[in-house]
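Visitor: dropping a prediction and its sequence here:
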Amino acid sequence: MPTIIDIADKLGISKGTVSKALNNAEDVSETLRKRVLETAVEIGYERNRARKGTTDKLCVIVENLNHKDPTGFGYGIIMGFKKLAIPAGWDVDVVPVTPEEQKAMSYDTFMLAHEYKGAFAMGLTLTDPWMSELKTARTPTVLYDNYVPDNMRVSYIGVNSDEGFDLAVGHLKKLGHTRIGYLGGGEGSYVTQLRHDAFIRAMKNHGLEVKKNCIGRSYFISECTNKFLPIQLRSRVTAIICGYDLMAQAVLTQCMDLGYRVPEDLSIIGFDDAPFAAYTNPPLTTIRQNQEALGNCGFYALNSLLNQTAISMLLLRAELITRGSTGPVRTWELARPRKLPV
């Protein structure tokens, strides 16, 4: 394994200067410190242990996810991670990042600079600089709802989307629904594509037709509710499955503003079981992601990676939480569709 001496030899500086740079000494310039860190990453240097008197550190990387508010979806996941990591002797830092910050310092360099032994990352998009670097990253990393193939040091955790959508479509089919629409996020996220594909597979598995005009996807909820939802309503859908609960809540509100009754005229299903889902009007039927269990899985997977046990995927079983936003198709509506406001 490369040592401090190897870094010093490559840069033509002393071992002491390298040590100072790695330990954030004040008498080393930021420019030199960055060169040392980048060289360390380049040759594969890794810290074997924390400095004397310190605790080993892990970080939770957060982007595009509400994690500070106890009602936010990311908050429960982080708590689940910490509940296992801290008793196991780890310090855990929660680190919000932006694409600009990712461009300023490479992923492995950032981890080495802050002495993080591993990371649990949530909310990264497919276009983020670090997502590309994770294909060859040396830092053990677990991704929530993101997948990087071929790197033995990177794992994926989440909920089984195929199971979830199969439960949702099966539930609606039992209620008599056959014209089912889907509204989800844009294509810049691995999980939004995963859920879109899982919806299509579930419809086909249940023998139901998937119509292009009954599928809408966008980065913006407002585009889905203002553009794609009216198209689906004009197409006479009787139920809509949404890729996440915030979308479902917006669809529910928009439909009721248009004069639709939920679930009498339209059934709506979300995905996540966010804290607010039980308190919408009517309460939202949704596919549950157990937040604390996801955080637990994040630590299980990362701890395995840190102990040289490669894990590709760790998926929770899906669970459908049935509430008041879904109901049966009325027999008279099946025979003679009533003209509803659009």
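Guide: Okay, I see it.
Visitor: correct me, but residue 116 touches residue 137?
Guide: No - taking contacts as Cβ atoms under 8 Å, residue 116 lies outside contact range of residue 137: 11.9 Å. Glycine gets a C-beta too; all of them are placed from N, C-alpha and C.
Visitor: just the helices in the stretch 1-150 of the chain please.
Guide: In the stretch 1-150 of the chain, the helices defined using DSSP state H, counting those that start in this stretch lie at 4-11, 15-22, 30-43, 73-85, 99-104, 107-113, 129-133.
Visitor: can I get those in TSV with distance to residue 316 and mean neighbour count?
Guide: As requested, those are arranged in TSV below (distance: least, Cβ to Cβ, whole Å; neighbours: other Cβ atoms under 10 Å):
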stretch	distance to residue 316	mean neighbour count
helix 4-11	42	17
helix 15-22	38	19
helix 30-43	33	17
helix 73-85	11	21
helix 99-104	28	13
helix 107-113	26	23
helix 129-133	22	18
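Visitor: mind putting these in a markdown table, distance to residue 305 included?
Guide: What follows is these, written out as a markdown table (distance: least, Cβ to Cβ, whole Å):
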| stretch | distance to residue 305 |
| --- | --- |
| helix 4-11 | 24 |
| helix 15-22 | 23 |
| helix 30-43 | 18 |
| helix 73-85 | 13 |
| helix 99-104 | 21 |
| helix 107-113 | 13 |
| helix 129-133 | 17 |
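Visitor: output those helices as TSV; include the columns mean pLDDT.
Guide: Listed next are the helices of the stretch 1-150 of the chain as TSV, based on pLDDT from 0 to 100:
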stretch	mean pLDDT
helix 4-11	84
helix 15-22	83
helix 30-43	80
helix 73-85	90
helix 99-104	94
helix 107-113	92
helix 129-133	94
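Visitor: which of those helices sits closest to residue 158?
Guide: With distances scored as Cβ to Cβ, the stretch of the helices of the stretch 1-150 of the chain nearest to residue 158 is helix 73-85 (10.7 Å).
Visitor: the closest one - contacts with which helices or strands?
Guide: Helix 73-85 is packed against strand 57-62, strand 91-96, strand 116-122, helix 291-306, with contacts defined by 3 or more Cβ pairs under 8 Å, 6 or more residues apart in numbering; DSSP states H and E.
Visitor: try it again at 10 Å.
Guide: For helix 73-85, the packing partners by 3 or more Cβ pairs under 10 Å, 6 or more residues apart in numbering; DSSP states H and E come out as strand 57-62, strand 91-96, strand 116-122, strand 141-144, helix 291-306.
Visitor: domain parsing for this structure?
Guide: With automatic domain parsing serving as the domain definition, the record reports that the chain contains domains spanning 1-45, 48-159+294-316, 161-289+321-335.
Visitor: apart from its chain neighbours, what residue comes closest to the spatially most central residue of the chain?
Guide: To find the centre residue of the chain, average its C-alpha atoms and take the closest one (Cα atoms, centre = their mean): that gives residue 145, at 3.8 Å. With sequence-adjacent residues excluded and distances taken as Cβ to Cβ, 6 or more residues apart in numbering, residue 145 is closest to residue 191, at 3.8 Å.
Visitor: quick one: the one you found and residue 164 touch, right?
Guide: No - using Cβ atoms under 10 Å, residue 191 is not in contact with residue 164, being 11.5 Å away.
Visitor: identify the contacts common to these two.
Guide: With contacts defined as Cβ atoms under 10 Å, 6 or more residues apart in numbering, the residues shared by residue 191 and residue 164 are 198, 271.
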